[in-house]
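Colleague: Got a predicted structure here, sequence first:
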Amino acid sequence: MAEQKVSLVAKLINGGVAGLVGVTCVFPIDLAKTRLQNQQGPKVYSGLLDCLTKTIRAEGYFGIYRGAAVNLTLVTPEKAIKLAANDVFRQKLSKDGNLPLWAEILAGCGAGTCQVVVTTPMEMLKIQLQDAGRLAAQKTVPTGPSVAAQPPPPRPSATNIALDLLRTRGLIGLYRGAGATLLRDVPFSMIYFPLFANLNSLGRRKQGCHGDVQERAPFLQSFVAGCAAGSVAAVAVTPLDVIKTRLQTLKKGIGEDSYQGLMDCTRRIWSREGPSAFLKGATCRALVIAPLFGIAQGIYFLGVGERVLGLLP
């Protein structure tokens, strides 16, 4: 029993470290993804590179890391829960060293469900911070001959946003869009984890317990498997990510819709922007998720947690 507890603690440490390293590397692309997905009216950015270039020009180099502090603070428990939960579910569902595909999918479903408790408030705050620069830039884009540019509003902080939501809407305010987050993260994990596990096991002579995803693979193999599985799963659930991002964005720009819920958001996007709007930011999302999970899985399989616990008396 003690051995199992130590193993779980090690998995949580591995997941936390993996999340920190991965998010630090890919956060600027994630910021561009959020801003591109939220564009409805006047187009401030034409694409990924244009968004990053204009952001750096207007907000400085650290502007592309707006909202990173919130993400880095909460990504540790989020990734720890996600990666460790998948491990635990796979171990519980494996029988005689074998794990059928349905069990792999079920384990991914469990992992995606568990992470939502942290993911929803994390992304709720992150999106407001990431999108503030787009809203400020939009005010400088002329929308007619009589429209004058307005001075940008003061930039919000994560603390102010969180306190305002708690004061006006209670704890439920931080969980706005939880249903959409669940609808995105559960299918993502159901696709990602089985695909990663099978790619990560390719070419290894000793398969061991197929339910134990902690069986060691070379760092490069885990990295490539994470990138490939992440990009496939990311593109597959992009429409759900667009809906979630729109629902969680509190402040809208000029001529942009507000939504009453999941179905209302889906209907309005479809009728006013067309089906292609559901794939906004798909390239950015693939460019974020692929290296994020590639780095995260590579770091996770290095066994940092086991080494840290080994140093303790």
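Modeller: Thanks, I have it. Numbers count the residues shown, from 1 in each chain.

Colleague: shaky segments in the protein?
Modeller: Within the chain, the ranges that satisfy pLDDT under 70 run 1-8, 41-42, 138-156, 203-216, 305, 308-313.

Colleague: quick one: the helices in it?
Modeller: Taking DSSP state H, the helices of the chain run over residues 2-38, 48-59, 68-93, 101-138, 158-169, 178-200, 219-236, 238-248, 262-273, 282-300, 304-311.

Colleague: Nearest to residue 255, out of the ones you listed?
Modeller: Residue 255 lies closest, by CB to CB, to one member of these: helix 101-138, at 9.6 Å. Any C-beta I mention is one placed from the backbone N, CA and C, and that applies to glycine too.

Colleague: could you say what helices and strands the closest one packs with?
Modeller: helix 2-38, helix 48-59, helix 68-93, helix 158-169, helix 178-200, helix 238-248 (3 or more CB pairs under 8 Å, 6 or more residues apart in numbering; DSSP states H and E).

Colleague: returning to what we had before: would TSV of the helices of the chain with mean neighbour count and distance to residue 256 be doable?
Modeller: Compiled in TSV, those are given as follows (neighbours: other CB atoms under 10 Å; distance: least, CB to CB, whole Å):
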stretch	mean neighbour count	distance to residue 256
helix 2-38	21	8
helix 48-59	17	17
helix 68-93	22	23
helix 101-138	22	9
helix 158-169	14	19
helix 178-200	22	17
helix 219-236	21	24
helix 238-248	24	9
helix 262-273	14	10
helix 282-300	25	19
helix 304-311	14	43
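
Colleague: Make a markdown table from the helices and strands packed on helix 101-138 and add distance to residue 108 to it.
Modeller: Below are those laid out as a markdown table (distance: least, CB to CB, whole Å):
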| stretch | distance to residue 108 |
| --- | --- |
| helix 2-38 | 15 |
| helix 48-59 | 28 |
| helix 68-93 | 6 |
| helix 158-169 | 30 |
| helix 178-200 | 4 |
| helix 238-248 | 15 |
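
Colleague: nearest to residue 99, of the ones you listed?
Modeller: helix 68-93 (6.0 Å).

Colleague: now the angle from that closest one to helix 2-38?
Modeller: Here helix 68-93 runs at an angle of 130 degrees relative to helix 2-38 (axes from the mean of the first three to the mean of the last three CA atoms, to 10 degrees).

Colleague: Return the distance of helix 68-93 from the chain's centre.
Modeller: 12 Å (CA atoms, centre = their mean, to the nearest Å).

Colleague: out of the helices and strands packed on helix 101-138, which comes closest to residue 282?
Modeller: Using CB to CB, the helices and strands packed on helix 101-138 put helix 238-248 closest to residue 282, at 4.4 Å.

Colleague: For the closest one, which helices and strands make contact with it?
Modeller: Using 3+ CB pairs under 8 Å, 6+ apart as the contact test, the elements touching helix 238-248 are helix 2-38, helix 101-138, helix 178-200, helix 262-273, helix 282-300.

Colleague: Extract the CA atoms of it and return them as CSV.
Modeller: Taking C-alpha atoms only, helix 238-248 is exported to CSV below (Å, rounded to 0.1, in the frame of the first residue of the first chain):
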residue,chain,number,x,y,z
THR,A,238,-11.0,22.2,-32.2
PRO,A,239,-14.7,23.0,-32.8
LEU,A,240,-15.4,22.3,-29.1
ASP,A,241,-12.4,24.4,-28.1
VAL,A,242,-13.7,27.4,-30.2
ILE,A,243,-17.1,27.1,-28.4
LYS,A,244,-15.4,26.9,-25.0
THR,A,245,-13.2,29.9,-25.7
ARG,A,246,-16.2,32.0,-26.9
LEU,A,247,-18.3,31.1,-23.8
GLN,A,248,-15.5,31.8,-21.4
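
Colleague: What lies in contact with that helix?
Modeller: Applying CB atoms under 8 Å, 6 or more residues apart in numbering, the set of residues contacting helix 238-248 from outside is 34, 37-38, 123-124, 127, 176-177, 180-181, 183-184, 187, 257, 259, 261-262, 265-266, 269, 277-282, 285.

Colleague: do stretch 61-72 as well
Modeller: 20, 23-24, 27-28, 30-32, 52, 55-56, 59, 122, 125-130, 132-133, 155, 158.

Colleague: cool, stretch 256-273 as well?
Modeller: 38, 40-41, 179-180, 183, 242-243, 246-247, 252, 277-278.

Colleague: Measure how far it is from the centre of its chain, please.
Modeller: The answer for stretch 256-273 is 22 Å, by CA atoms, centre = their mean.

Colleague: Check stretch 276-284 too.
Modeller: Counting by CA atoms, centre = their mean, stretch 276-284 is centred 15 Å from the centre of its parent chain.

Colleague: Stretch 263-276 too?
Modeller: Relative to where its chain is centred, stretch 263-276 has its mean C-alpha point 22 Å off (CA atoms, centre = their mean).
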